[in-house]
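Peer 1: Got a sequence here, can you build the structure:
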Amino acid sequence: MRRTSHSPSFLARGLALFAALAVLAALAAAPAARAQAQPAAGATAAAAAAADMPADITTLRAQLTALPKSAETSDEARLLVRQVDAIGTAAQKLIDLRTGQLNDLNARLGELGPAPAAGTTEDPDITRQRTTLTRERNGVDADIRLARLVVVDAQQRATELLNKRRQDFEARLTERTASPLSPAFWRAIATAWPDDRERLQPLAIELRSAVSASLSPPHRNAVLGALALVLLTITVGNMLAERGLVLLAQRILPGGRLRRSLLVIAVVGVNMLLVALALHGLRGLLEDRQLLGEAARELVRELIGVALFMTFVLSLGRALLANARRSWRLPPIADAMALRLRPFPLLVAIVGALVWIPAQVNSLVEASYAALQATQAATAAALTVLVALLLFRLRPAATGGRGTASAAAPDAPPAPTATTAGDGAAARFTVRPVWVGLLRGLVSLVLLAVTALLASGYVALASLVASQLIWTGIVVCAFYVLFKFIDDLCMALLASGSPTGQRLAASFGLTATRLDQAAVLLSAVLRLALFFYLVITLMAPLGTGPEEVVQRSGQFGSGLRVGEFQFVPAALFSALAVLVAGFVALRVLRVWLDTRYFPASGLEPGMRSSLTTLLGYAGGVLVVAMALSALGIGINRIAWIASALSVGIGFGLQAIVQNFISGLILLAERPVKVGDWVVLGTTEGDVRRINVRATEIQLADRSTVIVPNSEFITKTVRNMTLANAEGRVLIRLPMPLASDARQVRDLMLAACGAHPSILPTPAPSVSLEGIENGMLIFQAIAYVNSPRVAGGVKSDLLFTMLEDFKNAGLPLVAPVVAAVPPAPAPLA
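Peer 2: The predicted model follows:
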């Protein structure tokens, strides 16, 4: 019976995770995935062929029925899941193909029209075509229904296999064996060693034969040359590629955070790509020359996975620490701490390889249970020692006199320091965040738990917890790089200080605040979506492999149902794209109207502002409705929500809704528009802006009064410039009864005609209204361009008229002063 160790699964999962998220790493992992699919038997080939070209439903059903219901080992279960998924994919392709055919047949039947009623006749050709099309449609519809059943059966079969595999794995985890500290544990290993050595003999013989055949004269030069090329690619090639990427980033990318985060991803991806190409080329050479047996071929494939894992860890660690280029360091790590952590990427890669290779050899030769337990114990012990050493290096370090100021990056703030006095000398130490200490304490507790489990005999559980701890660290480091890259990319593309943001501001008329808000919002949305995948990966159940992680990610991508609503990440991104595209298009349309159409239309500024505001309201509502539709929230659900909130709107939001509707009425009927001079009660001024809720009126003293829109609808408003923009100057002067009325009229008309602001049409006029209290009352009426200048013109005319009356000798009415009686004399 073949046994498989799951303790080092974090290596494969971490590698598959980063390969799924980073495009360059995915290119390196693709050949390994193709190589692992080669030894599959006839069922796998049939399923792959079915996936490429949809077979008929009978063949797919037969393939699914022929597969075993259960698997004895983990590898067999993984293979069965892969075959079942291939059959389900083929069935789904068949459904898509038949759905298109069904739509075409329904369209053709619709063109023929419905069947004639009883007692009526039609053309026999049309009847024959309708019958044929109906028969074909029913057959296609039946195929679709059967294919959907196959898809459902395949999903249920895969779920059952995964659950069974997970249950077996969890059952093995809770199994207790002899403690590694007891003699019984080592006696079991010694007892099983002769059988394990016999199982290793075929593999050793194959390896010796492969080495001998490779060094034979027909193959020696080719194999040694390929091996030398692989070594040069892994060492010199990676070094040159890294330096080339640095130079390329310095020349192409502007200085900033994006260059650093993108360089980390590029270094990791290119290193893995070079190593994968070199190793797979060497393996292809050995297989083409038939130098490897079946077991040796499987071992070489596993060794390639080990090499890719070591390359991934080394590249990621070196790129994050950046000891050779401190100014390019991505995380805010002090130089001293980065130097102390310098050997750990290599240590993690070596320890991971040392615990992975024995486990794969055990699986390959079907080693004994004692050998499996020994491998798991070694894995738990090695990983525990590695993490403990890392915690020891991460301890807070005190320095005397200089401190540990970070020079990690030009945009990274220095670490805060505190000063303590001890023994008369000052010691400076770096103040760390609270979460760092809590995380170190939690990891220390996990290490103590692993040690206790290992000492008590729960070897499998201890190995799994230690492996999960290392795997979590690797995944968090990879996601940290991706988080930084997304944030830096959004800031470089949309921030107001970036060249792209400045071009967007110049093209669409966006403000710096809007661009910065858009950059922060887009970065938050993308990082939130990435965080969901991080949580799914870290919270995967025990015994989850790379295929199940990808499957769970696919399930998450298919939708998350909350009540009656189903939130799909793809739909969320579609809604976000609709919002961005819609508001950008709306902004472009408004800029075009303001700069091109309105100047050519001859509309007045108030009308232009009203139309632009109304377009903004209507376009914003339309864009939001389209985004909600892309999100899966239909108009009927929006209406249901609106009806549920109608009571609250009727009471609590009554004033807001009233002002909003009043604002729409103002924009539509335009009794008051931007630029009008209005009088509302004691408020008199110019209308500067009509908003959704209120209108802004600028008074004569340059202050602004905000008036609710409902005031313009429910109250009396005097619009000085609604129908006629001209202003009127009215002057009433009392003159003595003996004054020459004609001379007074001529002087007043001359003063009005001499002023440059007085309009010639309609012409100024002076009339004698009558006699009041023994005085002649003269009234002068003149018109100006705007009522806003009427007050100043009236003042100028009064100054001119009074001076003319004085020069002409026309007396003005003197104020009548009443006689004041003398005060009575005081009594003696």
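Peer 1: so how far does stretch 491-507 reach from one end to the other?
Peer 2: Taking CA to CA, to the nearest Å, stretch 491-507 runs 18 Å from one end to the other.
Peer 1: Name the residues of that stretch that come out as buried.
Peer 2: 491-496, 498, 501, 504 (16 or more other CB atoms under 10 Å). Heads up, the C-betas are built off the backbone N, CA and C, glycines and all.
Peer 1: Same question for stretch 365-384.
Peer 2: 365, 367-368, 370-384.
Peer 1: and it, how far out from the chain's middle?
Peer 2: 42 Å (CA atoms, centre = their mean, to the nearest Å).
Peer 1: For that stretch, give the mean pLDDT please.
Peer 2: In this model, stretch 365-384 has a mean pLDDT of 85.
Peer 1: All further residue positions should be reported with the first residue as 21.
Peer 2: Understood, numbering begins at 21; the last thing we discussed is stretch 385-404.
Peer 1: Okay, T724 and G695: tell me how far apart.
Peer 2: 15 Å (CB to CB, to the nearest Å).
Peer 1: Revised request: answer the last question for A802.
Peer 2: 23 Å.
Peer 1: which one of these two has more residues nearby?
Peer 2: With neighbours defined as other CB atoms under 10 Å, A802 and G695 compare such that A802 has more, 27 against 16.
Peer 1: and that one, what does it touch?
Peer 2: Taking CB atoms under 8 Å, 6 or more residues apart in numbering as the criterion, A802 is in contact with 748-749, 772, 775, 778-779, 784-785, 813, 817.
Peer 1: any chance you could map the strands in the stretch 371-520 of the chain?
Peer 2: 418-419, 437-442, 445-450 (DSSP state E, counting those that start in this stretch).
Peer 1: Domain-wise, how is the chain divided?
Peer 2: 57-193, 205-415+454-542, 575-739, 747-828 (automatic domain parsing).
Peer 1: can you give me the end-to-end distance of the longest one?
Peer 2: Think domain 205-415+454-542. End-to-end distance of domain 205-415+454-542: 56 Å, with CA to CA as the criterion.
Peer 1: Can you classify the closest residue to L235 other than its chain neighbours as helix, strand or coil?
Peer 2: With sequence-adjacent residues excluded and distances taken as CB to CB, 6 or more residues apart in numbering, L235 is closest to V243, at 7.4 Å. Recorded secondary structure, V243: helix (DSSP: H, G, I helix; E, B strand; the rest coil).
Peer 1: just checking, what's the longest helix in this structure?
Peer 2: helix 144-193 (DSSP state H).
Peer 1: what is the mean pLDDT for stretch 205-214?
Peer 2: 88.
Peer 1: Can you pull out the residues in contact with that stretch?
Peer 2: Contacts of stretch 205-214 (CB under 8 Å, 6+ apart): 197-200, 388-391, 393-394, 397.
Peer 1: Kindly recompute the last result at 7 Å.
Peer 2: 198-199, 388, 390-391, 394 (CB atoms under 7 Å, 6 or more residues apart in numbering).
Peer 1: For L458, state which of those is nearest.
Peer 2: When the contacts of stretch 205-214 are compared for distance to L458 (CB to CB), S199 wins out at 31.3 Å.
Peer 1: which residues touch the closest one?
Peer 2: Taking CB under 7 Å, 6+ apart, one finds 205, 475-477 in contact with S199.
Peer 1: Would you mind identifying the helix or strand in this protein with the lowest mean pLDDT?
Peer 2: Lowest on mean pLDDT, DSSP states H and E among the helices and strands of the chain sits helix 43-56, with a mean of 35.
Peer 1: measure the closest residue in space to R240 that isn't next to it in sequence to N241 for me?
Peer 2: Distances taken as CB to CB, 6+ apart put S234 closest to R240, at 7.1 Å, once the chain neighbours are dropped. From S234 across to N241, the span is 11 Å (CB to CB).
Peer 1: what about the two, which has more around it?
Peer 2: A count of neighbours by other CB under 10 Å puts S234 above the other of S234 and N241, at 20 against 9.
Peer 1: if I look at the more buried one, how far off is A770?
Peer 2: Counting by CB to CB, the separation of S234 from A770 is 120 Å.
Peer 1: can you check L166 too?
Peer 2: For L166, the distance to A770 - CB to CB - is 104 Å.
Peer 1: the more surrounded of the two?
Peer 2: Set L166 next to A770 and count neighbours by other CB under 10 Å: L166 wins out with 19 against 13.
Peer 1: so the more buried one sits right up against D76, yeah?
Peer 2: No: using CB atoms under 7 Å, L166 is not in contact with D76, being 9.8 Å away.
Peer 1: Can you report how many residues lie near the residue lying closest to A688 once chain neighbours are set aside?
Peer 2: Of all residues not flanking A688 in the chain, L634 sits nearest, at 7.3 Å (CB to CB, 6+ apart). Neighbour count of L634, defined by other CB under 10 Å: 16.
Peer 1: Report pLDDT for the nearest residue to G747 once chain neighbours are set aside.
Peer 2: Leaving aside its chain neighbours, G747 sits nearest to P807 (3.2 Å; criterion: CB to CB, 6+ apart). pLDDT for P807: 78.
Peer 1: Could you give the number of residues near D766?
Peer 2: 14.
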